[in-house]
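Participant: Below is the sequence, then the predicted model.
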Amino acid sequence: MNTLAFSLLTQAVTAGSEATYWFPPQASTTAADIDWIYYFIYWISVFFTVLIIAAGLWFMIKFRSKKNAPPAAAGHNTALEVTWTVVPAILCVFIFYFGLTGYMDTHTPPADSYVVNVTGVKWAWSFTYPDGTVSDTLHVPVNRPVRLVMSSEDVIHSLFIPAFRTKQDVVPGRYTEEWFEANQVGEFDIFCTEYCGTKHSEMLSKVVVHAEGDFTKWLAQAGNIHERMSPVEAGELLVKQRGCLQCHSLDGSPATGPTWKGIWGRNEKLADGSSLTVDENYVRTSILQPQAQVVAGYGPVMPTFQGKLKDRDITAIIEYFKTLK
Amino acid sequence: MSTTTHGHAQDHGLSHVMSAKMLLGVWGALIVLTVVTVITATQPMFNFGAYANLVIAMVIATVKASLVCLFFMHLLYDRKFNLLIFMGSLLFVLLFVSFSMMDTAQYQPAIQSRVEAQAQ
Amino acid sequence: MSTAAAHNHHGEEGHGHDPHLAHHFDSPQQQFDSGKLGIWLFLIQEVLFFSGLFCAYAVYRANHPEIFEFAHRYLDVTLGAVNTAVLICSSLTAAWSVRAAQLGQRKLMIGCIVVTIACAFGFLGIKYVEYAHKFHDGLLWGEKFNPKYAPGGHGEEAGHSPTADAEGHSGQHATAPGATITQEAAGEAKVTTPRNTSIFFSIYFAMTGLHGLHVIAGIIVYVWLLWRALKGEFGPKQYAAIDFAALYWHLVDLVWIYLFPLLYLIR
Amino acid sequence: MSSLDTTMGHSAPSHAEDNYLTHAHGIKSWLLTLDHKRIGVMYLCSTVGALMLGGVFALLLRTKLLTPGPGILDMSHDTYNRMFTLHGAIMVFLFIIPAIPGALGNFVLPIMLGAKDVAFPKLNLASYYLWVFGAVFFVTAMVAGSIDTGWTFYTPYSVTTPANGVIWATMGVFILGFSSIFTGLNFIVTIHKLRAEGMTWFRMPLFLWAIYSTSVIQVLATPVLAITVLLLTVERTLHVGIFDPSLGGDPVLFQHFFWFYSHPAVYIMILPGFGIISEIVGVHSRKHVFGYRFIAFSSLAIALLGFLVWGHHLFTSGQSALASVIFSAITFTIAIPSAIKIFNWLATMYKSSLQLTTPMWYAFGFIVLFVIGGLTGLFLAAMAVDIHLHDTYFVVAHFHYVMVGGTLLALFGGLYHWWPKMFGRMYNEMWGKVGAVLVTIGFNVTFFPQFVMGTRGMPRRYFTYLPEFQAFHIASTLGAYLLGFGIVLAFANLAIGAFRGRKASANPWGGATLEWECSSPPPHDNFAVTPTAHDPYDFAHLSYDEKTDGYVARRS
């Protein structure tokens, strides 16, 4: 976008990336463009607002008359009417055009974008990175396009990052996307902007923009849960993050898969008629080759986690199972 | 005044009187068209594919609807303004349905891929 | 367009004592035309009212043709066609009741009204039979969709519930949206039920249900007209109510003219 | 018949005694009245009651928002959420939509046409009782578990929320919808069929053009709202899955349904306001309205274009980019007829014999608010900017400027303009102006800070907020108190005037439309003899008469 033409008007805001009277900081590559369009409309609006209010006030004072004054002569001026039809129309075409190009920029993620999966649930966000790491704040590298692929577990939410000037509803039953390229290291607010119930106003999070290299460090550290926590804790986190609990209950209630209540050391009858005791071997097989030994009464529907869970992850899950009495 | 072609009605009637022949004729046409639409939709020899058959069914329904509107509902003989506003309302229906269809069709892949992801 | 002025003069003297002429109208013609425009605007409102359901239908059919292609076979074309004919006949008698009123044929008018009401009840009766079958066979909306047989099969052969087999228990639609559900009806080849087939029945019941409510409203209107007709309130100069009720009834017919092919006759 | 014209200005004294207020007595004569004027007065009282209820909610909300967290009212999250829902729903469905057509439309429209009543007086009364019935449903919703969905009822939230009032509220909306539809239907037929002699389409006062355009929207759009809330009710009770994604439904489709009505509904709210302002500016400038046809056609244009832009509420909803682009483009076309109206009003005031009366002050206040409200619409119509501003306080400020500013100030303007006609008495002019100033300033103090907050990223419908927004919230709350005070003052001045004011003449402003030809207040049947209509803004034949403090027609 040609920012030069109106640089005089917008210099104060496009030059720096700090917060201004109107705007939060410009921390993404598209923010400056969007602010520019905003100010373009802003100054048009200021012009017309001042013009109309001043004219109205002036007429009210200037043409004020006594009650018995004769009525004024009717006026008509087609040229004038055409003017104030055509001028706003032309301005509108420009605003539409700038709005359109800006929108297209913010809706066309570059092909090499870094993808983060986002899940909205009443009233928290969770962010899943390509390596399976999950966090409740969004961490991104600076100067790299990031594409968020989002869905909701319950009602409609909306992920809004004012500093990036980006927002998109997060809709249950489908994916929506938004992208940005942060150009400033720091922490910025994330808001939920689609009303989602009681704690809608507390469905907040942060986006942490890391400097070059720092992001990979953060990811390695965040991803390596085994160094941060005990095996039992790590196992508990893993089964939550990987959606195991969608099909396996912890309290004995029936679900798509067998319950995990008291699973360790339990005797299971298998679909082929044989039976076995749940031990390390069986758990490992069930995770990596779920169809091999299916418990009687359940369908062979579990997906494999081969390549998705590391050996150490499975060990942690086993340690966690031992605590489920 | 409504365009009354019936001389007798001109004197004291408020609107056009439909002739008995016309009423029976329209009724007959409607019944025949109902039979035709059932046959084209169920007989194997009229199977031209989902799309073509939808068009056929809708064309027949629209012919039937037009008969009802123009004759049973007197629109052909009534003030033309009533016909105009009725047709106008159909434009708004068309607007509503077509825009909604256009948009929902565009984002179906986003729903489909979510469904597939959940199925895994 | 402006009829008010044209009728001013005979509005003041000529019809001053016409008991059917409301005080704010100048002439019976002006009053009749006002009523006519009013009822047409009401019908337009009805068209837009139904348009919501047609929109839902169009959106889901365009995006999921397989559901409609599959599920419509659960409907009984014969009953639908008979009902179409019943409504068309009632439309004929409704239109004829207007003609009879205009020509002062009182007995014929009352007869037409009676037949119209009878047809409306006939329509509802057939609809009841269809609904009863659907309820019995689990062909319902949303979570309640639990068919007892494959389309084209018979309710009487109802065996086990195929959805329950595949999904463990009902209510699993959201968490286990397997692309298809395989079902096996007694003595038939395997049939796969498309995902979210229940949507068809949601739309079916919404559309026919709302239409049915309009039929019931029509019956109420016609019973009221019958009562007034028996009291001798209608005649060649006073038939607006009959005319307007008939217009409403034709609209109910119009809606069904589209519902029938859209729901029953899908290929 | 033409010989009668000249005397209509001040009809015979014997007629002046009998007016619609004294025509019949007793509460029953009001509750069962078929007189459009009495129905208008009943609408006025009822909708103003709804405004007060919604206003109390607004003040409570703003008081809570003085601080983040529970605040000095110790309000809970859920109470706050229910309160903003009720504030929005009551204001929109019980006040903004019915107020001007129901009250002023009913009172003025038939008289302006030179008719004795609306085409269907019984239906008119039925519309009023549908309003009452709908209001009862809303009150029931408040008591029976309340609602916390926002006035927009978005699925799947509205299907899953434990607040049990949702069904009551949606059925209330359904009923109110039919009240609105029947009012619109009645007005269309009245305008088509009951125009007096000489009342051609282009002699119709601009208020009637506006009401006509409004009615077209009411008849065409409201039924879609009715089916939407009906489907929502069915969704909530029977779980049919048309809008609920857990059953394969599509929540964005619900938004299409909802906004197909609710965007045109914005013009149901603002178009009657435009009409009133056109009347006020013409009459109180004592000059023929500039560009009459442009204004008349711009009303119709807005009404029709209003149907083509609903998707601009869905730019961030997951609507496809293609649809967004189309909707954005069409949205900008609405700016043009709106701009035409503003410029035409200004041109009317230019070189006029302007009377600086209370209605004129309100008209100016309206223009100020509508210019700001309309121009901020450009920000929201520009897609790239809307992405940032959507669902923030910027939107809240924008639609309050347009809807509330537009409806409330126009309603006040209209009431102060027609009050002498409605009740035959004048109000206190000085307090009238004070009220106008307080309302205009209070409104701007309340809502202008919200533009800044919104641009800075403050989302709407937030119970609590980040501390950096507090200063703006405090300003906004103080403005709300001022606005509330101004509104009460303005109504009090009117009410006192109606009982204690000095007698008004038949034509205190020198208006040339037909309602100024009957006595004040009008007699039961409006006109003993149907009048003949002339140019509604030709004031040449009206001259000031000091004795009655009114204008007298001398046409020959």
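Facilitator: Yes, it's here.
Participant: Number of residues surrounding the closest residue to chain C within the stretch 51-200 of chain A?
Facilitator: Of all residues in the stretch 51-200 of chain A, the one sitting closest to chain C is residue A:173 (8.7 Å; CB to the nearest CB). To be clear about C-beta, it is placed using only N, CA and C from the backbone, and glycine gets the same treatment. Residue A:173 is flanked by 23 other residues according to other CB atoms under 10 Å in any protein chain shown.
Participant: tell me the contacts of it?
Facilitator: Residues near residue A:173 by CB atoms under 8 Å, 6 or more residues apart in numbering or on different chains: A:151, B:111, B:114, B:115, D:245, D:246, D:248, D:249, D:250, D:251.
Participant: Name the nearest residue to the last one, sequence neighbours excluded.
Facilitator: If I follow you right, that is residue D:251. With sequence-adjacent residues excluded and distances taken as CB to CB, 6 or more residues apart in numbering or on different chains, residue D:251 is closest to residue D:155, at 4.7 Å.
Participant: Residue B:106: what's it in contact with?
Facilitator: Contacts of residue B:106 (CB under 8 Å, 6+ apart): D:320, D:321, D:322, D:323.
Participant: and what of residue D:124?
Facilitator: D:34, D:36, D:39, D:106, D:118, D:182, D:183, D:186.
Participant: just checking, it is part of a helix?
Facilitator: Yes - counting by DSSP: H, G, I helix; E, B strand; the rest coil, residue D:124 is part of a helix.
Participant: Quick check: it vs residue D:225, distance?
Facilitator: Separation of residue D:124 from residue D:225 (CB to CB, to the nearest Å): 21 Å.
Participant: these two touch, right, the residue nearest to residue D:251 and residue D:246?
Facilitator: No - Residue D:155 is beyond contact range of residue D:246, at 10.4 Å (criterion: CB atoms under 8 Å).
Participant: Looking at those two, which one has more neighbours?
Facilitator: residue D:155 (28 against 19).
Participant: The more buried one: what secondary structure?
Facilitator: coil.
Participant: And for residue A:232?
Facilitator: helix.
Participant: swap in residue D:116?
Facilitator: At residue D:116 the chain is in coil, as set by three-state DSSP.
Participant: Residue 250: how many residues sit nearby?
Facilitator: Using chain A here. Applying other CB under 10 Å, we find 14 residues neighbouring residue A:250.
Participant: try chain D instead
Facilitator: Residue D:250 has 28 nearby residues by other CB under 10 Å.
Participant: Now do the contacts for it.
Facilitator: Here residue D:250 is in contact with A:173, B:104, B:111, C:59, D:242, D:243 (CB under 8 Å, 6+ apart).
Participant: Next up, the contacts around the third one.
Facilitator: With contact taken as CB under 8 Å, 6+ apart, residue B:111 is in contact with A:173, A:174, D:250.
Participant: what's the distance between the stretch of helix or strand it belongs to and the middle of its chain?
Facilitator: Assigned by DSSP states H and E, residue B:111 belongs to helix B:108-119. Chain-centre distance of helix B:108-119: 36 Å, with CA atoms, centre = their mean, to the nearest Å.
Participant: wait, what's in contact with residue C:222?
Facilitator: Shown in contact with residue C:222 (CB under 8 Å, 6+ apart): C:113, C:116, C:117, C:120, C:245, C:249.
Participant: I'd like to know which of these is nearest to residue A:282.
Facilitator: When the contacts of residue C:222 are compared for distance to residue A:282 (CB to CB), residue C:120 wins out at 66.8 Å.
Participant: Show me the contacts of residue A:173 that map onto helices.
Facilitator: Judged by DSSP state H, the contacts of residue A:173 include B:111, B:114, B:115, D:251 as members of helices.
Participant: okay, the contacts of residue C:222 in TSV with neighbour count, secondary structure and pLDDT next?
Facilitator: Output for these, formatted as TSV (neighbours: other CB atoms under 10 Å in any protein chain shown; DSSP: H, G, I helix; E, B strand; the rest coil; pLDDT from 0 to 100):
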residue	neighbour count	secondary structure	pLDDT
C:113	28	helix	97
C:116	27	helix	97
C:117	20	helix	97
C:120	24	helix	97
C:245	21	helix	97
C:249	29	helix	97
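Participant: Helix or strand with the lowest mean pLDDT in chain B?
Facilitator: Counting by mean pLDDT, DSSP states H and E, chain B has its least confident helix or strand at helix B:7-12, which shows a mean of 42.
Participant: Tell me the helix or strand right after that one.
Facilitator: helix B:20-42.
Participant: now for the helix or strand following that next one, which elements pack on it?
Facilitator: Next along the chain after helix B:20-42, taking DSSP H and E as the criterion, comes helix B:50-67. With contacts taken as 3 or more CB pairs under 8 Å, 6 or more residues apart in numbering or on different chains; DSSP states H and E, helix B:50-67 sits against helix B:20-42, helix C:240-264.
Participant: hmm, who's touching the first one?
Facilitator: By CB under 8 Å, 6+ apart, the surrounding residues in contact with helix B:20-42 are B:46, B:53, B:56-57, B:60-61, B:63-64, B:67-68, B:71-72, C:77, C:81, C:84-85, C:88-89, C:91-92, C:95-96, C:99, C:260-261, C:264-267.
Participant: Try it again at 6 Å.
Facilitator: Applying CB atoms under 6 Å, 6 or more residues apart in numbering or on different chains, the external contacts of helix B:20-42 come out as B:46, B:56-57, B:60, B:64, B:67, B:71, C:81, C:84, C:88, C:92, C:95-96, C:261, C:265.
Participant: What's the mean pLDDT across that helix?
Facilitator: For helix B:20-42, mean pLDDT rounds to 95.
Participant: and it with helix C:240-264, angle?
Facilitator: Interaxial angle of helix B:20-42 relative to helix C:240-264 (axes from the mean of the first three to the mean of the last three CA atoms, to 10 degrees): 20 degrees.
Participant: Report the contact partners of the one residue sitting closest to the centre of chain C.
Facilitator: Centroid-nearest residue in chain C: residue C:211, 2.9 Å away (criterion: CA atoms, centre = their mean). Listed by CB under 6 Å, 6+ apart, the contact set of residue C:211 reads residue C:255.
Participant: And the pLDDT for it?
Facilitator: We have a pLDDT of 97 for residue C:211.
Participant: Quick check: which element contains it?
Facilitator: Secondary structure assigned from DSSP H and E places residue C:211 in helix C:198-230.
Participant: what comes up buried for that helix?
Facilitator: C:198-208, C:210-212, C:214-215, C:218-219, C:221-222, C:225-226, C:229 (16 or more other CB atoms under 10 Å in any protein chain shown).
Participant: ok, which stretches of chain A are strands?
Facilitator: Taking DSSP state E as the criterion, chain A contains strands spanning A:114-121, A:124-128, A:134-135, A:138-141, A:145-152, A:157-161, A:166-170, A:176-181, A:186-192, A:205-210, A:267-269, A:275-277.
Participant: Same question for chain D.
Facilitator: Assigned by DSSP E, the strands in chain D fall at D:542-545, D:550-553.
Participant: what comes into contact with the last one?
Facilitator: Think strand D:550-553. Residues from elsewhere that reach strand D:550-553 (CB under 6 Å, 6+ apart): D:9, D:505, D:507, D:508, D:510, D:541, D:542, D:544, D:545.
Participant: Just checking: what are the partner strands of that strand?
Facilitator: According to DSSP bridges, strand D:550-553 has the following sheet partners: strand D:542-545 (antiparallel).
Participant: Just want the most central residue of the chain.
Facilitator: No chain specified, so I'll use chain A. Centre-nearest of chain A using CA atoms, centre = their mean is residue A:159, 3.9 Å out.
Participant: sorry, should have said chain D
Facilitator: Most central in chain D (CA atoms, centre = their mean) works out to residue D:407, at 3.8 Å.
Participant: Cheers, nothing more for now.
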